[in-house]
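Q: Provided below are the primary sequence and the corresponding predicted coordinates.
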Number of protein chains: 2
Amino acid sequence: MKLTTKGRYAVTAMLDLAIHAESKPITLSEISERQGISLSYLEQLFAKLRKNELVKSVRGPGGGYQLFNSPADIVVAKVIDAVNESTDVTACGGKGNCHDGKQCITHDLWCELSEQIHQFLSGITLQNVIDKQKAKEEAQREDNLRPSEPNNTFILSQVS
Amino acid sequence: MKLTTKGRYAVTAMLDLAIHAESKPITLSEISERQGISLSYLEQLFAKLRKNELVKSVRGPGGGYQLFNSPADIVVAKVIDAVNESTDVTACGGKGNCHDGKQCITHDLWCELSEQIHQFLSGITLQNVIDKQKAKEEAQREDNLRPSEPNNTFILSQVS
DNA sequence: TATTTACCCGAGTATTTTAGTCGGTTATAC
DNA sequence: GTATAACCGACTAAAATACTCGGGTAAATA
């Protein structure tokens, strides 16, 4: 479980797909323009997203991409995993070729931590993120009328 | 909030420091050998950890590093933040130099998500990680006697 | 059937980040 | 004063990231 800009690009693109979802597929050119990501780079990312059954494609004119499942059924973790293709855990991973026991202990600790983050992101769907954003916009609109109050409700507080 | 091997190195080193904590400071050479991280690279990481008041140093013979606070008072998020020195959010960050409103919407969405992860990692202390590891070792020792049963309790289930 | 659209694919490249080296300086215990 | 070990900056190798280029191929439309 790695978490870099690459994953952000993927999540951003998937969110764009979810927000602009219609009966028609969305072309990568549209996403490229809206999100400011190079077209060819998007193609590479979407090849991985497609292989992981996160999006489906329609070829030819009028074609493009659509989410494979509903936004409520796609979790952020899957999207990030799809583009980051888990490069096996550096050194001493699984095989246990470390000279003394101690080394593997802290390694295991990190793996556990990584698993935690994965579980966390498995609890957030694209729909969750969109809903949260909508709520935020609502709050901001009200703030323009009456004096502002801090809004610190977070996504996960609504998720089981 | 970035999450790469660099952060893992830092967390691993901090955990090593916490586990082998004595009255005496720990040298980077020891950590280097135990964890298989290059000495000079550790020096670079610890320079940042020191500036962020996560460790304190003692110079000269018998010197080394110690945790600035107790392991129960050091959260994983701080450690990762210290070494990753937040490179400002790519493009359109804050300034809002995006051509149409839509671009910034998905950007904000991601920022919120990133904040979530940060909050999550702010809830895990070094002590939490160590305790969890100890519990795991206990469980494994018992597994050697009686038939195994799945052990899926996670760190966060114990944290507020 | 020709053309356009837009996905598909691999190879190559520039930039950035990561990881590590090297050569030195400074503080301090002995 | 000498060994130790933190400090510091600059430099380098390797890897990942972000992107380009040049072709393909499937399908709709004309």
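A: Yes, it's here.

Q: Could you tell me how many residues sit around A:Y9?
A: By the other C-beta atoms under 10 Å in any protein chain shown criterion, the neighbourhood of A:Y9 contains 19 residues. (C-beta placed from N, C-alpha, C; glycine too.)

Q: so how far is the helix or strand containing it from its chain's centroid?
A: Following DSSP states H and E, the helix or strand that holds A:Y9 is helix A:5-19. Its chain's C-alpha centre lies 6 Å from the corresponding centre of helix A:5-19 when counted by C-alpha atoms, centre = their mean, to the nearest Å.

Q: Dihedrals phi and psi, A:Q66?
A: When read as degrees, to the nearest 10, the backbone of A:Q66 gives phi -140, psi 160.

Q: and what of A:K56?
A: Backbone torsions of A:K56, given as degrees, to the nearest 10, read phi -120, psi 150.

Q: Spell out whether the lengthiest helix in chain A and chain B are in contact.
A: The helix of greatest length in chain A, counted in residues with DSSP state H as the criterion, is given as helix A:101-121. Yes. When contact is scored as C-beta under 8 Å from any C-beta of the partner chain, part of helix A:101-121 falls within range of chain B: A:102-103, A:105-110, A:112-113, A:115-117, A:119-121.

Q: Okay, buried residues for that helix please.
A: Buried residues in helix A:101-121, counting neighbours by 16 or more other C-beta atoms under 10 Å in any protein chain shown, are found at A:103, A:105-107, A:109-111, A:113-114, A:116-117, A:120-121.

Q: Report the buried residues of whichever helix or strand comes after that helix.
A: Using DSSP H and E, the next helix or strand after helix A:101-121 towards the C-terminus is helix A:126-143. For helix A:126-143, the buried set under the neighbour-count rule, 16+ other C-beta under 10 Å, comprises A:L126, A:N128, A:V129, A:I130, A:K132, A:Q133, A:K136.

Q: bridging residues for the closest residue to chain B within chain A?
A: Nearest to chain B in chain A, going by C-beta to the nearest C-beta, is A:L3, at a distance of 3.7 Å. On the basis of DSSP bridges, A:L3 is bridged to B:L3.

Q: Could you give the average pLDDT over stretch A:109-123?
A: Here stretch A:109-123 scores 84 as its mean pLDDT.

Q: starting at the chain centroid, how far to it?
A: Using C-alpha atoms, centre = their mean, the offset of stretch A:109-123 from its chain centre is 15 Å.

Q: Are that stretch and DNA strand C in contact anywhere?
A: No. Stretch A:109-123 lies apart from DNA strand C when judged by C-beta under 7 Å from any atom of the strand; the minimum separation is 12.3 Å.

Q: and that stretch, C-alpha only, in CSV?
A: Listed next in CSV are the C-alpha coordinates belonging to stretch A:109-123 (Å, rounded to 0.1, in the frame of the first residue of the first chain):
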residue,chain,number,x,y,z
LEU,A,109,5.1,-3.7,12.7
TRP,A,110,5.1,-1.6,9.5
CYS,A,111,3.2,-4.2,7.5
GLU,A,112,0.5,-4.1,10.2
LEU,A,113,0.3,-0.3,10.0
SER,A,114,0.1,-0.5,6.3
GLU,A,115,-2.7,-2.9,6.6
GLN,A,116,-4.5,-0.5,8.9
ILE,A,117,-4.4,2.3,6.3
HIS,A,118,-5.6,-0.1,3.7
GLN,A,119,-8.6,-1.1,5.8
PHE,A,120,-9.3,2.6,6.5
LEU,A,121,-9.3,3.4,2.8
SER,A,122,-11.4,0.4,2.1
GLY,A,123,-14.1,2.0,4.2
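
Q: quick one: the residue of chain A closest to chain B and B:H118 touch, right?
A: No. If you go by C-beta atoms under 8 Å, A:L3 and B:H118 don't touch, sitting 11.1 Å apart.

Q: pLDDT score assigned to A:V55?
A: At A:V55 the predicted local confidence, pLDDT, stands at 97.

Q: in the sheet, who's paired with it?
A: For A:V55, the beta-bridge assignment (DSSP bridges) gives partners A:L67.

Q: Neighbours of it, how many?
A: The number of residues packed near A:V55 is 25, by other C-beta under 10 Å.

Q: correct me, but it touches A:L67?
A: Yes. Distance between A:V55 and A:L67: 6.0 Å, which falls inside the contact criterion (C-beta under 8 Å).

Q: Identify the contacts common to those two.
A: The contact sets of A:V55 and A:L67 overlap at A:M14, A:L17 (C-beta atoms under 8 Å, 6 or more residues apart in numbering or on different chains).

Q: I'd like to know how far the nearest residue to A:V11 once chain neighbours are set aside sits from DNA strand D.
A: In this structure, A:V11 finds its nearest non-sequential neighbour in A:V79, 5.3 Å apart by C-beta to C-beta, 6 or more residues apart in numbering or on different chains. A:V79 sits at a distance of 14 Å from DNA strand D (criterion: C-beta to the nearest atom of the strand, to the nearest Å).

Q: swap in A:T27?
A: Counting by C-beta to the nearest atom of the strand, the separation of A:T27 from DNA strand D is 13 Å.

Q: likewise A:Q127?
A: In this structure, A:Q127 lies at 25 Å from DNA strand D, with C-beta to the nearest atom of the strand as the measure.
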